[in-house]
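[1] With the input below, show me the fold.
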Amino acid sequence: MRLRDVGQLPKTADLVYTHRPVDELAEIVDTAKAVGAKAVWIQSGRDKSGAKDPRGCWLPEAESARARGIVEGAGLIYIEAPYISDATRGRG
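    Model prediction:
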């Protein structure tokens, strides 16, 4: 197994997952493109009421549209739901 220093970008990635505010998305998309990612999966950490929820995927409509525009405008696939752990476990 090859180890990589924490804080260092991988040489390649198919997907970039982020749990950061939409205001930081442009820089994240730049990083995703730099490592050859095809998609960006953004999770808000909020539920449908707007309350904090670490598994939350909900974004207000305008914020979701803005995030989608940033990601797709860069030629990448935009994903915001389901929660990534549920999807990887086949529950999404």
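[2] So residue 5: helix, strand or coil?
    At residue 5 the chain is in coil, as set by DSSP: H, G, I helix; E, B strand; the rest coil.
[3] Who are the contact partners of it?
    With Cβ atoms under 8 Å, 6 or more residues apart in numbering as the criterion, no residue contacts residue 5. Yep, even glycine has a C-beta here, placed from its N, CA and C like the rest.
[4] Next one: it from residue 11, what distance?
    Look at residue 5 and residue 11: by Cβ to Cβ, to the nearest Å, they are 13 Å apart.
[5] Then residue 26?
    For residue 26 relative to residue 11 (Cβ to Cβ), the value is 22 Å.
[6] residue boundaries of the strands in the chain?
    For the chain, the strands defined by DSSP state E cover 15-18, 39-42, 77-79.
[7] Among the ones you listed, show me which one is buried the most.
    Most buried of the strands of the chain, by mean neighbour count (mean count of other Cβ atoms under 10 Å): strand 39-42, with a mean of 23.
[8] partners of that one, with directions?
    strand 15-18 (parallel), strand 77-79 (parallel) (DSSP bridges).
[9] Now distance to residue 33 and mean pLDDT too, for the strands of the chain, in CSV please.
    Compiled in CSV, the strands of the chain are given as follows (distance: least, Cβ to Cβ, whole Å; pLDDT from 0 to 100):
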stretch, distance to residue 33, mean pLDDT
strand 15-18, 9, 95
strand 39-42, 9, 97
strand 77-79, 12, 97
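[10] so where's the protein uncertain?
    Scanning the chain for pLDDT under 70 picks out 1-2, 4, 91-92.
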